Structure formats: structure tokens, C-alpha cells
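Asks: One predicted model, sequence on top.
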Amino acid sequence: MHEMRRDWQASIVLVNALAALSIAVNVFVGVGTKGFARSTFRRVAEGKDYAVSPASQVDTLLADTPARGNVLLQFAGFGRADEAAVELFYYRSAYRLYPRRVLAARPGTVINRGRDILGAPVEPDDAWLGQQDISCVIACERDAAGGISCDMRRSP
Amino acid sequence: MLLLGHVLVSAVWRGERRPLGELAGLSATLGAGGLGVLFFWLSLAGLIPTRAVTLSIGLVLLVAHAVLWRMGRLSLPMPMSPAGASTTTGNRIMTLAAWTVVALLVVVASVHALGLPLYEWDGFAIWGMKAKVLSTESLRAGPTYFHDVSLSYSHLDYPLLVPFLTAGAYGMMGQFHEQLGKVYFPLLFLAFGLVLNTGLRWKLDSLRAGMLTAVAMSVPVLVRWAGAGTADVALALYYTGMLCYSIRWLDEGNLRDLLIVMLCTVSCIFTKSEGLALSLIQVLGLFLFSAFGPGKQRLAGMAVLVAGVLALSLPWLVWSGGLPRTHENYAANLNLANVFANWDRLRVILPEFARQVTAWERWGILWVLLAFSTICGWRRFRERHVAVLWFFLIAHLGLYVLIFIVTPWDVRELLASALDRLILHTVPAAVLLIGFHWALPQHPTAGMTPATAQAASRARRRTSAHRR
């Protein structure tokens, strides 16, 4: 028992120091120039960071959709490299507009990734739009320069 | 939430006094878990978590509180007592500094949760979406969401504890307010620290327990996800409760600790899909260490635990069993054929795990600290609570390696997006191990409550008299 206690006392100083160092490292990482705590406080104080984030750009676009009816999203010129943009647009819209529905692919398509949306595009006619209670169509296009432009059209 | 938690802990402890930190931490833990499960049952019965429903629950709880108080069964904090090595001024100052760091971290989590909307992909696509659904329709009404495969990316079959708590917050406000919907996240983060500290205090003095609590809570990955609106820190919290009280039950054999393990396990299952796998590991570990160690009579306690968890989780398991599994479906993918077919993925997975745990900007030096304290305190491997914790940690990491082996997704992509959050779940086991390897050999009753310590002393006297 005595030997054990001596060993323990010898190592405990070092372990104590390591624990204190661990806290110091974590605090340094958090409040450093690129630290999470620092950036969070800045984002909240300035309120600008979120305003220019991709999710907020989708929210801004959706703010102009009619208050009733479902929404159809269409993507033209998007390839596998643009999957993340398609996912963000659809996932954020589906969340933001719930309980209204957002359609981006043929009904019944299992959507787990952006490629599922791009692989089952909807080609609607007026009858289909009426059947799905679509009040607004948002058509997004990827241009040759790599930019994305979206056009919103209200359904009759 | 706290009211429900306090009623639950008082019912379990039958009015026994406990340290303030343990009482507050466990009340928040069991309160959040209990409220989530209760909202689920009420939703199955056709009730949405509106303000009226939540206030009615609060009223019933106030009555239960008054009844327990009248019967003398309300658990209250025990008076503060000076603790071992923390009696010197230097130790007191360092303990205070550690808790100041903890308080500042809770402030950071609060600013993050309440100051920013749901901007993380998982936050809005999975958890936020479900919260909106649950605050709009009851499960009895059969919301189309849960069978709409065009929303399959949002994991239709994921457990609903966090979404129900957010839906409860929306119900109380009467609107979908993304920031205020996360109002309970900082509380869960604080509860994580308090429950972890309780587990550490059973073997360590207040200075070292406080320092390790600050180490755990300041881990950059944990701070980042604490207020993000995802379910990872909630899972880590319930897992901490499961681990701490399992160890205590193995040490002392008190059925009340097992009841807390049971409630934490049910909450774990209802928080994330990984919770079910962790519960199975937990039960297997407790079974092995009860069957082959001292105290074999504890196997009867195991039966109580399994029966209780099954009974309380059954409504969720039955209800979610009918949901489409169009996303990952790990239960179906986890078979030997799949494991052997993808065995070569280990060449990608293991180096990525190694890279992850050595990334100091994500984990600080947490894993170095674990390695170092393990080497320094290697003699502790002989102790059952250390051995069982290592079993849990290794099985937990092994489970995640298996998940990456059988995943239907691109393994590199999944490792990049999810590995830090998965390893986050192992932080409580790692920190408890650091503490237990670090602990000085103690008197057998150290860390026990006075009542249990007396019972343990009596039992030892009986055993030695019997031997004589």
C-alpha cells in the first residue's frame, strides 16, 4: 500500500499538470483567433455572419413564396459536383416551409442525396401542378460561369 | 423539466439527501428524458405538446411534489462538507477556477444556442424538421412525414426525444422560434458536467473531479455541438448517467442506482439510434462483470434492469418498427457477409480514427491524458469499475468501427462528416477512466452515501465473522 501511494504521489504531480494543461489548451482553442467561442460571440454580436450564410440565402428566397399551397423546386444545369447546393436548397426549403410540402423530384422518389433529386426531375403540366396543389415554382439554374440564379413563378 | 426530474429522483431515492450537484444534474437529466418520453406517450394518445398540455403536466407535478414533501420523501441537497484534499487554500482556488471555466462554457453554449438559428445541416434537416412535425400533428393522427420517402434524408426512423423537447418549447412559446426552441440545450450541457462530476467524486477529491469536469466540458468538439440543436450532447449526457450509476451499482449493489441506470438507458434509446446499441453493450458488460465477479446475486438486478428498459421502451420500439428504413438501416446491414465484404475499409477507417483523436484543435490533449493516466495508474486495471469502463469504451469504439465498415455511404465522406460527433459520445467513458486511473487507493466505503457505507460495513463485518 505504501509503495502504491509513493508511486501514485510521484505521478500525480505530472497528471495534475497535464489536466491543467488540457484545460488551458481547450480554452486556447476556444477563444483563439479562429476559436469557436470567439467566432460565436462575434456572429451573434454582429448578426452578419448568419445573414450571408447559404441557409439564410435560401430563407430569404422562400420569404417571397405564397402563404398557401406547396412549392416545386426545379434544378437545371446542375451536375454531381453541385449535389451539396441541391441538398441544402431542398432540405432547408422542406424544413422552412413545413407543414407545406416541397417537391423536388417525381412523387415516390426516395431522396437521400442530391443525386436522387437530379436523377428524377419533374416535368409538370398545369393539371399536375393543380393536382399537387403547387402554388409556386422555383426554378434554379447553374450558368456557365458557375453562378446560381433562381426564378420564382406563381402557379395559377 | 426540472420539476419532473426532481419528482423522479425523489421517488427513486425515497427522500434521501444527496449532494446539490448530483441532485441538480440528475434532476435535469431525468427530467428531460422523462418529459421527452411522456410527450411521446401523450402524442400516441392524440395530444400535441402545447402550452396547455405542458402546464397541465406541471400542475400534476406540483401536486406530486407537495405530496412527496408531505410524506418526507422529497430529496433535498445534503449540507456541504469539506472534502479531502481540497481543504487547502490553493486547492480551493484551483477548484473554484475549474468551476469558473465550467460556468463560462455554459455561457458559450447558451449564446450559441439562443443567439443563432439552426444552421447546422443535421440541426434543421433532421432534428428541427421532426420538432416542427411533432408540434403540428400528434402521432395518433399519423403525420404523413414519417412515411414520406421524399424526406428520407431526414432519417424518418430516428428517435424523438430531442424533437419532442423542442416541440414542447415551441408549444410553450406558441410559435416556431428557432433560437428559443433550443432553450434547454445549455441545461443539458450543464447537467452533463454535473452528472460526470458526481461519478468522478465517488473516487476523487473535489479538486481533481472539478478539473476533470472542466477538461471534459471544454473539449472543443463538445462545446461546438452543445448548442447546435443536434442530439449528440443529449446522448452523451444519458450515456454518462448510464456509466456512472452502473459502476456505482456494481460497487454497492444498491437497486436505486440500477433504477437510475434504467431511466438513463430508456432515454438513451429514445435519443439516438446509437443509444440502442450502447444499451446492449451496457447490458452485456454489466452481465459479464456481475456473473464473473464478486456479487453474483446482482444477476437478479440485471433481470429488473432489462425488464424495466424493455417495458418503458416498448411503445417506441413497436411504433418505430413500422417506419420506412430507406436510409442507412444499420440493423439490416450489420451482418457477417457485409463485414467480410468491406473488411478492407479498415485501411481507411483506423488511420482516420487515429488522425481524429490526435487533432488537438478538436480534442485538446484529452486522449493523451487518458494514455498517460492509464500508464501511471496501470494497477487500477485490477479494479472492477476500471475494467468494466474499459470494456464499455473499447466496445463502444468497436461498434463505431463496425458501423463504418458496413455503411452504405461513401466511407470517406461519412468519416469526414460524422466521426467527431461519434467519438464525442465516448468522452464520458474516457474522462471517468482518466479519473479512476488517477485515484488514490481508497477506503472501501469512500464515495458511498452514509446509508450505503453503513450497510457495506455491516456486510463486511458479517462476512469476516462468517469466515472466522
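Replies: Yes, it's here.

Asks: can you give me the strands in chain A?
Replies: Secondary structure of chain A (DSSP state E): strands at A:70-76, A:102-103, A:134-142, A:148-154.

Asks: wait, is residue B:249 part of a helix?
Replies: Yes: Residue B:249 sits within a helix when classified using DSSP: H, G, I helix; E, B strand; the rest coil.

Asks: Surely residue B:25 touches residue B:198?
Replies: Yes: when contacts are counted by CB atoms under 8 Å, residue B:25 is listed as touching residue B:198 (6.1 Å). For the C-beta atoms, the positions are set from N, CA and C on the backbone; glycine is no exception.

Asks: for the strands of chain A, which one sits closest to chain B?
Replies: Among the strands of chain A, the nearest to chain B by CB to the nearest CB is strand A:102-103 (7.2 Å).

Asks: That closest one and chain B, are they touching?
Replies: Yes: judged by CB under 8 Å from any CB of the partner chain, strand A:102-103 comes into contact with chain B through residue A:103.

Asks: can you list the residues that contact that strand?
Replies: Strand A:102-103 is contacted from outside by A:70-73, A:90, A:93-94, A:122, A:132, A:134, B:150, using CB atoms under 8 Å, 6 or more residues apart in numbering or on different chains.

Asks: Go again with 7 Å.
Replies: Applying CB atoms under 7 Å, 6 or more residues apart in numbering or on different chains, the external contacts of strand A:102-103 come out as A:70-73, A:90, A:93-94, A:122, A:132.

Asks: cool, and stretch B:231-245?
Replies: The contact list for stretch B:231-245 (CB under 7 Å, 6+ apart) reads B:29, B:33, B:127, B:161-162, B:188-189, B:191-192, B:195-196, B:198-199, B:222, B:225-226, B:257, B:260-261, B:264-265, B:267-268, B:271-272, B:274-275, B:278, B:282, B:389, B:392, B:421, B:424-425, B:427-429, B:432.

Asks: Same list, these, but only the ones touching chain A.
Replies: Among the contacts of stretch B:231-245, no residue is within reach of chain A (CB under 7 Å from any CB of the partner chain).

Asks: Mind checking which of the residues you listed land in helices?
Replies: Among the contacts of stretch B:231-245, DSSP state H puts B:29, B:33, B:161-162, B:188-189, B:191-192, B:195-196, B:198-199, B:222, B:225-226, B:257, B:260-261, B:264-265, B:267-268, B:274-275, B:278, B:282, B:389, B:392, B:421, B:424, B:427-429, B:432 in helices.

Asks: ok so, going back, which one of the contacts of strand A:102-103 is nearest to residue B:346?
Replies: Using CB to CB, residue A:90 comes nearest to residue B:346 of the contacts of strand A:102-103, at 34.2 Å.

Asks: In contact with the closest one, which residues?
Replies: Residues near residue A:90 by CB under 7 Å, 6+ apart: A:73, A:102, A:104, A:117.

Asks: Residue B:167 too?
Replies: B:39, B:49, B:131, B:134-135.

Asks: Make CSV out of those and add pLDDT, neighbour count and secondary structure.
Replies: Converted to CSV, those look like this (pLDDT from 0 to 100; neighbours: other CB atoms under 10 Å in any protein chain shown; DSSP: H, G, I helix; E, B strand; the rest coil):
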residue, pLDDT, neighbour count, secondary structure
B:39, 97, 27, helix
B:49, 95, 28, coil
B:131, 97, 30, helix
B:134, 96, 26, helix
B:135, 95, 25, helix
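
Asks: Not counting sequence-adjacent ones, nearest residue to the residue of the stretch 51-200 of chain B found nearest chain A?
Replies: Closest approach between the stretch 51-200 of chain B and chain A, counting by CB to the nearest CB: residue B:115, at 3.4 Å. The shortest distance from residue B:115 to any non-neighbouring residue, by CB to CB, 6 or more residues apart in numbering or on different chains, is to residue A:44 (3.4 Å).

Asks: Was I right to think that neighbour contacts residue B:114?
Replies: No: using CB atoms under 7 Å, residue A:44 is not in contact with residue B:114, being 8.6 Å away.

Asks: Which positions in chain A make contact with chain B?
Replies: Within chain A, the positions lying close to chain B (CB under 7 Å from any CB) are A:1, A:4-5, A:8, A:11, A:15, A:18-23, A:25-27, A:29-30, A:36-37, A:40-41, A:43-44, A:50, A:53, A:55, A:91-92, A:94-95, A:98-99, A:105, A:109-112.

Asks: I'd like to know how far the closest residue to chain A within the stretch 351-468 of chain B sits from residue B:438.
Replies: Closest to chain A within the stretch 351-468 of chain B is residue B:376: 3.8 Å, counting by CB to the nearest CB. Distance check for residue B:376 against residue B:438: by CB to CB, to the nearest Å, it reads 7 Å.
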